[in-house]
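Q: Provided below are the primary sequence and the corresponding predicted coordinates.
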Amino acid sequence: MRAIVQDAYGSADVLTLREIERPDVQDDEVRIRVVAAGVDRGALHLMTGVPYLMRILGVGLRVPKTRVPGTNVAGHVDAVGKDVTRFQQGDEVYGTCKGSFAEYACAREEQLAPKPANLTFEQVAGVPHAGFAALQALRDHGKVQPGQKVLIVGASGAVGSMAVQLAKAFGAQVTGVCGTSKVDMVRTLGADHVIDYTRDDFAEGTRYDLIVDTGGNSSLSRLRRALSPQGTLVIVGGEGGGRWIGMGRQFRALMLSPFVGQKLRTFVAKENAQDLLVLNENIESGKITPIMGRTYALSDAPDAVRDLETGQTQGRIIITV
């Protein structure tokens, strides 16, 4: 099969298209004939091996253990292991796996859900990791409630755009923070207010019950200034934390939280079929719609990752196979 392979950490130049063996399906796995794969920040971090803490935690010290990148997947079930009960050959599925930048990829059964009927494979391929992070940040860690004032920092990004729509679905009053070129897009997501960070400071004025920060560029003190005295801050992802640890603000938030009235939280998103089904309900009811950006052929995967690095594309970047 054709697949994108990396044998070293580095820039997008380490990604090459090759012919490799089709993966064998294990007892608890589903093998997917990939139609589309989402490109996210995780793929970028795993490509570069930065922050370095990831290497120590198991992705590979000198070279990546997983040679085929990509973790968001959508496609047709090609084969199922003997312990799989929820899927059969031919089913349309999406979810997470290892090695989605390929013609075939394997995923555990509990990492997959049926593809929503009202979305294309390309649309749904961008949902899983961004959807997990947004849903769990709001529901599990932010404890969002109807009527609360919620600020989404990085509202035009993959996680942020999902968070805006989900917060509205939860009944919150939502303010999104983004750059000038993406203000209109964030409004179309349903945000009640949009702050252009190049013109206004979100830390001045309104104080919010819940802040979900997906941007990574704001200091902890600045985020706390925008938070109500008993409010909750949830920091998503490891952007802006340096080359070594990548989680500096998160660690500081966790250490400070017991000593202040505000609740300062961070988390690692959990991949699970139950939350995919929650996302499906919101997608099928029209409450959330993935924002599509550019699509690339599998052979152009290095260009897709370069596009992600620039941060200029609106919507999800998708590789079609």
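A: Okay, I see it. Only a predicted model underlies this, so the values are computations on that prediction, with no experimental measurement involved.
Q: Going by C-alpha atoms from here, please, whenever you check contacts or count neighbours.
A: OK.
Q: Where do the strands of the stretch 151-300 of the chain begin and end?
A: 173-178, 193-196, 208-213, 227-235, 263-266, 292-297 (DSSP state E, counting those that start in this stretch).
Q: Measure how the first one sits relative to strand 208-213, angle-wise.
A: Here strand 173-178 runs at 30 degrees with respect to strand 208-213, directions being taken by axes from the mean of the first three to the mean of the last three Cα atoms, to 10 degrees.
Q: low-scoring stretches of the stretch 51-200 of the chain, by residue?
A: Scanning the stretch 51-200 of the chain for pLDDT under 70 picks out 51, 53-54, 57-58.
Q: what about 80?
A: Scanning the stretch 51-200 of the chain with the threshold set as pLDDT under 80 gives 51-61.
Q: Reformat the strands of the stretch 151-300 of the chain as JSON lines; add mean neighbour count and distance to residue 39.
A: JSON lines is the format used below for these (neighbours: other Cα atoms under 10 Å; distance: least, Cα to Cα, whole Å):
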{"stretch": "strand 173-178", "mean neighbour count": "25", "distance to residue 39": "20"}
{"stretch": "strand 193-196", "mean neighbour count": "18", "distance to residue 39": "26"}
{"stretch": "strand 208-213", "mean neighbour count": "26", "distance to residue 39": "20"}
{"stretch": "strand 227-235", "mean neighbour count": "21", "distance to residue 39": "21"}
{"stretch": "strand 263-266", "mean neighbour count": "23", "distance to residue 39": "23"}
{"stretch": "strand 292-297", "mean neighbour count": "16", "distance to residue 39": "10"}
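Q: Out of those strands, flag the one nearest residue 158.
A: With Cα to Cα as the measure, strand 292-297 is the member of the strands of the stretch 151-300 of the chain nearest residue 158 (9.8 Å).
Q: Heading C-terminal from the closest one, find the next helix or strand.
A: Once strand 292-297 ends, the next helix or strand along the chain (criterion: DSSP states H and E) is helix 301-310.
Q: which parts of that next one are buried?
A: Using 16 or more other Cα atoms under 10 Å as the test for burial, helix 301-310 gives 301-305, 308.
Q: residues in contact with residue 108?
A: Counting by Cα atoms under 8 Å, 6 or more residues apart in numbering, residue 108 touches 28-30, 97.
Q: 7 Å - rerun?
A: By Cα atoms under 7 Å, 6 or more residues apart in numbering, the contact list for residue 108 reads 28-30.
Q: With residue 67 as the reference, measure out to it.
A: 18 Å (Cα to Cα, to the nearest Å).
Q: Check which helices and strands the strand of greatest length in the chain is in contact with.
A: The residue-count maximum for a strand in the chain (DSSP state E) belongs to strand 29-39. With contacts taken as 3 or more Cα pairs under 7 Å, 6 or more residues apart in numbering; DSSP states H and E, strand 29-39 sits against strand 72-80, strand 104-108, helix 121-125, strand 316-320.
Q: Heading C-terminal from that strand, find the next helix or strand.
A: Assigned by DSSP H and E, the successor of strand 29-39 is helix 41-48.
Q: ok, and for that following helix, which residues are buried?
A: Using 16+ other Cα under 10 Å as the burial criterion, the residues of helix 41-48 that qualify are 41, 43-48.
Q: With stretch 213-229 instead?
A: So, applying 16+ other Cα under 10 Å, buried residues of stretch 213-229: 213-216, 220, 223-228.
Q: What is the nearest of the residues you listed to residue 277?
A: Once Cα to Cα is applied, the member of these that ends up nearest residue 277 is residue 214, at 23.1 Å.
Q: For the protein, which residue occupies the most central location?
A: residue 130 (2.6 Å; Cα atoms, centre = their mean).
Q: In a strand, that one, correct?
A: No: secondary structure of residue 130 (DSSP: H, G, I helix; E, B strand; the rest coil): helix, not part of a strand.
Q: So residue 21, which state does it fall into?
A: Per three-state DSSP, residue 21 ends up coil.
Q: any idea how far stretch 68-80 is from the chain center?
A: Distance of stretch 68-80 from its chain centroid, counting by Cα atoms, centre = their mean, to the nearest Å, is 17 Å.
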